[in-house]
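*Asks:* let's see this in three dimensions:
(one chain, ligands or ions: 1)
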Amino acid sequence: MLPQLPQALLALADGTVFRGTSIGAAGHTVGEVVFNTALTGYQEILTDPSYCRQIVTLTYPHIGNVGVNPEDIEATKVHAAGLIIKDLPVLESNFRMTQTLPQYLREQGTVAIAGIDTRRLTRILRTKGAQNGCILALPEGQSITEAHVQEAIAKAQAAPSMAGLDLAKVVSTDGPYEWSETEWKLGAGYGRQSAPRFHVVAYDFGVKRNILRMLAERGCKVTVLPATSTAAEALKHQPDGIFLSNGPGDPEPCDYAIEAARELIEHGIPTFGICLGHQIMALASGAKTFKMKFGHHGANHPVKDLDTGRVSITSQNHGFAVDEKSLPANLRATHVSLFDGTLQGLARTDRPAFCFQGHPEASPGPHDIGYLFDRFVALMENKNA
Ligand SMILES: NC(=O)CC[C@H](N)C(=O)O
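*Replies:* Numbering: from 1, shown residues only. The predicted model follows:
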């Protein structure tokens with residue numbers, strides 16, 4: 001007989017309730033409920049710091065079939081506030097697996113629900129927009145009561161809105177550190193960068209490890225700094241380039257980061273921003289950002305490079321975007337989303353600085369747009385020429 005899983009429920013702020021089973025820690029969690037359409041990479045998604053305070057529902061129906069391993073993580077812990085899936089397979093198998101998904105979720109204290117109609121949930125989020133929710137996961141043997149339902153709805157309604165939240169500070173590193181690990185290769189695992197050609201200072205607003213690996217892979221020694229580091233602190237390291245990382249929350253309240261980015265870009269040092277870093281570079285250049293209806297979260301988003309006409313299938317995870325109408329004269333659009341026409345890439349016309357809204361480190365996701373990392377290296381090469 002199959003084991004009976006404890007009961008759980010998901011309540012949305014609009015009062016919609018889904019009943020399912022608990023596959024993670026017992027207890028409750030609140031956050032903005034978003035849907036991600038990636039077919040693979042649930043471990044990378046769970047550990048992406050950009051998901052801090054967001055509950056992720058995966059639209060792919062079978063999640064957990066390859067278990068979990070200690071390598072496919074993008075940060076030291078799970079950052080997503082919770083997980084919602086349809087089916088948890090009864091048997092998992094992979095040669096790299098060391099744990100099952102439920103074991104990992106329980107160890108990480110992550111509240112998660114399975115067995116709900118994720119298509120219905122996704123349609124609600126698409127129609128009404130992302131909204132706050134609460135997962136209530138009961139301990140074994142307890143049954144959901146009307147009081148539980150009302151408690152979960154009240155908790156969802158009381159959760160703070162994502163707009164206006166500065167979360168980069170919350171997930172950033174406490175102190176500087178050096179990064180030299182290169183990309184994972186089948187049979188060899190991760191490597192080490194031992195003969196760097198460039199020194200990059202990376203602002204950690206919630207950086208994903210594969211970004212740092214892709215920089216190291218391309219010959220960069222990377223010094224990672226806390227989100228609140230000033231431009232002067234960054235320049236003390238005499239970097240060849242500045243990297244502005246992805247991260248959670250609303251970019252607008254990150255005034256300290258916007259100020260540092262403004263000074264560094266003005267200074268003329270090659271700068272590359274990803275996702276939150278893209279939004280911060282745009283704000284530092286005088287553009288504006290806005291909150292999207294349900295954002296972009298997936299690994300199948302077509303993006304057009306306006307300079308070459310080339311279309312890349314990209315990985316995405318963002319709920320805010322740069323307003324195209326707000327671009328100042330020295331900031332030009334380089335990429336657009338072919339799903340909804342929103343801005344995906346920008347470049348300064350007067351400084352060696354550019355940025356991308358999606359996740360070119362593709363962890364998880366297709367590697368089509370990895371060429372942006374080569375573009376950053378080329379900028380640093382030109383500067384040293
Ligand atoms: N992945 C990211 O860096 C996300 C940026 C920002 N938190 C957003 O939701 O738009």
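*Asks:* for the stretch 1-150 of the chain, which residues are neighbours of the ligand?
*Replies:* With Cβ under 6 Å from any ligand atom as the criterion, the stretch 1-150 of the chain meets the ligand at residues residue 50. The way it works is simple: take the backbone N, C-alpha and C, and place the C-beta from them, glycine included.
*Asks:* and residue 2, what's its pLDDT?
*Replies:* With respect to pLDDT, residue 2 scores 64.
*Asks:* for this structure, what are the low-confidence residue spans?
*Replies:* Applying pLDDT under 70 to the chain picks out residues 1-2, 384-385.
*Asks:* ok, now how distant is the nearest residue to residue 84 once chain neighbours are set aside from the ligand?
*Replies:* With sequence-adjacent residues excluded and distances taken as Cβ to Cβ, 6 or more residues apart in numbering, residue 84 is closest to residue 57, at 3.8 Å. Separation of residue 57 from the ligand (Cβ to the nearest ligand atom, to the nearest Å): 16 Å.
*Asks:* equivalent analysis for residue 87, please.
*Replies:* Applying Cβ to the nearest ligand atom to residue 87 and the ligand gives a distance of 27 Å.
*Asks:* that residue is in contact with residue 115, isn't it?
*Replies:* Yes: counting by Cβ atoms under 8 Å, residue 115 is a contact partner of residue 87 at 7.3 Å.
*Asks:* can I see the domain layout of the chain?
*Replies:* Listed by automatic domain parsing, the domain ranges of the chain are 7-158, 168-384.
*Asks:* possible to save those as TSV with mean neighbour count?
*Replies:* TSV is the format used below for those (neighbours: other Cβ atoms under 10 Å):
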stretch	mean neighbour count
domain 7-158	19
domain 168-384	20
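*Asks:* show the contacting residues for the most centrally placed residue in the chain.
*Replies:* Using Cα atoms, centre = their mean, the residue of the chain that lies closest to the mean C-alpha position is residue 50, 3.5 Å off. Applying Cβ atoms under 8 Å, 6 or more residues apart in numbering, one finds that residue 50 lies in contact with 79, 206, 208, 246-248, 275-276, 317-318.
*Asks:* and the helices in the stretch 101-250 of the chain?
*Replies:* 101-108, 118-128, 146-158, 168-171, 209-217, 231-235 (DSSP state H, counting those that start in this stretch).
*Asks:* in CSV, list the ones you listed along with distance to residue 68.
*Replies:* Listed next are these as CSV, based on distance: least, Cβ to Cβ, whole Å:
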stretch, distance to residue 68
helix 101-108, 4
helix 118-128, 20
helix 146-158, 27
helix 168-171, 21
helix 209-217, 16
helix 231-235, 35
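*Asks:* so how far is the longest strand seen in the chain off the chain centroid?
*Replies:* Counting residues, the longest strand found in the chain (DSSP state E) is strand 289-305. Chain-centre distance of strand 289-305: 12 Å, with Cα atoms, centre = their mean, to the nearest Å.
*Asks:* with stretch 23-33 instead?
*Replies:* Remark: stretch 23-33 is offset 18 Å from the chain centroid, using Cα atoms, centre = their mean.
*Asks:* for the residue nearest to the centre of the chain, helix, strand, or coil?
*Replies:* helix (DSSP: H, G, I helix; E, B strand; the rest coil).
*Asks:* could you pull out the strands in the stretch 1-150 of the chain for me?
*Replies:* For the stretch 1-150 of the chain, the strands defined by DSSP state E, counting those that start in this stretch occupy 7-12, 17-22, 27-36, 54-58, 82-84, 112-114, 131-137.
*Asks:* now the ones you listed in a markdown table, with distance to residue 252?
*Replies:* Shown next, in a markdown table, are the strands of the stretch 1-150 of the chain (distance: least, Cβ to Cβ, whole Å):
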| stretch | distance to residue 252 |
| --- | --- |
| strand 7-12 | 25 |
| strand 17-22 | 32 |
| strand 27-36 | 16 |
| strand 54-58 | 17 |
| strand 82-84 | 25 |
| strand 112-114 | 31 |
| strand 131-137 | 19 |
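*Asks:* residue 226: which of these is closest?
*Replies:* Nearest to residue 226 among those is strand 54-58 (22.2 Å), distances taken as Cβ to Cβ.
*Asks:* what angle do the closest one and strand 27-36 make?
*Replies:* Using axes from the mean of the first three to the mean of the last three Cα atoms, to 10 degrees, the inter-axis angle of strand 54-58 relative to strand 27-36 is 60 degrees.
*Asks:* pull up the pairing partners for strand 54-58, direction included.
*Replies:* Partner strands for strand 54-58, per DSSP bridges, with pairing direction: strand 27-36 (parallel), strand 82-84 (parallel).
*Asks:* which one, of these, ends up nearest to residue 339?
*Replies:* Proximity to residue 339 (Cβ to Cβ) singles out strand 27-36 among these, at 13.6 Å.
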